[in-house]
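Student: predicted model, plus sequence, below.
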Amino acid sequence: MPTYAVTYHYTATTEHLAEVRPIHREWLAARLAEGSLLASGPMVDTPTSLLIWKANSVQELAALLDHDPFDIAGCIGERVIQEWNPVFGPWS
């Protein structure tokens, strides 16, 4: 199953992100428990985050990400999905 690196570029205010973050993290925790999410977290000092996923296709992953509460709430200005080839590490 392919691995994907997803970058979220946030355009929402800090207050809006803080308001939606608990349900966003609950949603992510459910994806982690089912095995599709491998890792996620915000970048330091920039309004972006990195998420690592397993999915059958970019289309399947994009459809799943459409259900992220951050996306539904309009917090994400740009979402970039790239297939990633992890050569070293736990996901290689």
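Tutor: Yes, it's here. Everything numeric here is computed off the predicted structure, so don't read it as measured data.
Student: could you use CA atoms for every contact and neighbour count after this?
Tutor: Noted.
Student: quick one, grab the pLDDT at residue 85.
Tutor: For residue 85, the model assigns a pLDDT of 97.
Student: so what touches the helix ranked longest in the chain?
Tutor: In the chain, assigned by DSSP state H, the helix with the most residues is helix 14-34. The contact list for helix 14-34 (Cα atoms under 8 Å, 6 or more residues apart in numbering) reads 37-39, 68-70, 73, 75.
Student: where do the strands sit along the protein?
Tutor: With DSSP state E, the ranges of strands along the chain come out as 3-10, 37-42, 48-54, 76-84.
Student: low-confidence regions, the protein specifically.
Tutor: By pLDDT under 70, the chain contains no weakly predicted segment.
Student: any idea how far residue 86 lies from residue 47?
Tutor: According to Cα to Cα, to the nearest Å, residue 86 and residue 47 sit 25 Å apart.
Student: ok, those two, which is more surrounded?
Tutor: Higher neighbour count among residue 86 and residue 47: residue 47, with 15 against 12, using other Cα atoms under 10 Å.
Student: and the nearest residue to residue 11 once chain neighbours are set aside, what does it touch?
Tutor: Distances taken as Cα to Cα, 6 or more residues apart in numbering put residue 77 closest to residue 11, at 5.1 Å, once the chain neighbours are dropped. For residue 77, the contact set (Cα under 8 Å, 6+ apart) comprises 8-12.
Student: before we move on, what about residue 12?
Tutor: 74-77.
Student: ok, 7 Å please
Tutor: With contact set as Cα atoms under 7 Å, 6 or more residues apart in numbering, residue 12 has these partners: 75-76.
Student: quick one: residue 32 and residue 11, what's the gap?
Tutor: The gap separating residue 32 from residue 11 is 25 Å, by Cα to Cα.
Student: should've said residue 80
Tutor: In this structure, residue 80 and residue 11 are 14 Å apart, going by Cα to Cα.
Student: between the two, which one's more packed in?
Tutor: Comparing residue 80 with residue 11 by other Cα under 10 Å, the one with more neighbours is residue 11, at 15 against 12.
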